[in-house]
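**Q** Compute the structure for the input listed below.
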Amino acid sequence: MNIIVIIDYGSGNIQSVYNAIKKVSRSSKTKILVSSSVDDVKKATHIILPGVGSFESCFNGLNKTSLVSVLKEVVFEKEVPFLGICVGMQMLATRSFEKGIFNGLDWIKGEVQKIDVENTKLKIPHMGWNTIKFNKKTRFIKKLLEKIEHNKDKEISAYFVHSYNFKIIDESKKVLTSNYGKEITAMVAQKNIIGTQFHPEKSHNFGLAFLETFLELKDFR
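**A** Okay, the predicted model is just below:
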């Protein structure tokens, strides 16, 4: 049985993530849990870490659950597939410079910095639909493209709401990008870990195909 755990640490937006996962989880052998329980996380076959709000508030909320060490264990030792969404992705970074300097999980080396829109007419936050670019044809991306084959001649867009960008050190782990004055990291991938700056649960058919692909694969490289 698949046990999908959506981490509940007071970040908000959990219901829309739950609804999207329920929509793509057609098997009766799938259980979806919204939980901050250590036992649930240890039993999980897939883990989703959503994130809405500031980096500091999200990370403090996650710390209060006492799940950080457990998450590291199941993700790195058991190699359970992990998806971080929006601030959930940013928390994978080494540190964030949002309203101070705050340490992240440091699972993927890099820094979260404010989007630079200087000398443009663009506004912060970057909010709404934006075209995404496929930088690398990883196993995950190839599988995803199979699902959206009917869109292959069209621009593919996803829904964003953020003011900060994950500047990743190892460019090979930057899989999808977007542009908002400058390049924006839209997706990172490292073995069984992926993170998206966009919200797949709000990105309509593309987002649902994305989540379905996440549930099907264990290695995203």
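**Q** Let me see the ranges of the strands in this structure.
**A** Ranges of strands in the chain, per DSSP state E, are 2-7, 30-35, 46-49, 82-85, 95-96, 102-103, 110-114, 126-134, 157-162, 164-168, 174-180, 182-190, 193-196.
**Q** Looking at these, which is nearest to residue 56?
**A** strand 102-103 (5.3 Å; Cβ to Cβ). Where you see a C-beta, it was placed from the backbone N, CA and C, and this is true even at glycine.
**Q** Partner strands of the closest one, with direction?
**A** Applying DSSP bridges to the sheet, strand 102-103 is found paired with strand 95-96 (antiparallel).
**Q** Centre of the chain to the strand it pairs with, how far?
**A** Strand 95-96 sits 16 Å away from the centroid of its parent chain (Cα atoms, centre = their mean, to the nearest Å).
**Q** go on, stretch 62-82?
**A** In terms of Cα atoms, centre = their mean, the centre of stretch 62-82 is found 15 Å from the chain centre.
**Q** Now that stretch: buried residues?
**A** If you call a residue buried by 16 or more other Cβ atoms under 10 Å, then stretch 62-82 has these buried ones: 62, 65, 67, 70, 71, 74, 75, 80, 81, 82.
**Q** what two of the residues you listed are the furthest from one another?
**A** Going by Cβ to Cβ, the pair spanning these furthest: 65 and 81, at 19.8 Å.
**Q** before we move on, the earlier item: columns pLDDT and distance to residue 114 on top of the buried residues of stretch 62-82, output as JSON lines?
**A** Formatted as JSON lines, the buried residues of stretch 62-82 follow (pLDDT from 0 to 100; distance: Cβ to Cβ, whole Å):
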{"residue": "62", "pLDDT": "96", "distance to residue 114": "22"}
{"residue": "65", "pLDDT": "94", "distance to residue 114": "27"}
{"residue": "67", "pLDDT": "96", "distance to residue 114": "28"}
{"residue": "70", "pLDDT": "97", "distance to residue 114": "31"}
{"residue": "71", "pLDDT": "98", "distance to residue 114": "27"}
{"residue": "74", "pLDDT": "98", "distance to residue 114": "32"}
{"residue": "75", "pLDDT": "98", "distance to residue 114": "28"}
{"residue": "80", "pLDDT": "98", "distance to residue 114": "32"}
{"residue": "81", "pLDDT": "98", "distance to residue 114": "30"}
{"residue": "82", "pLDDT": "98", "distance to residue 114": "26"}
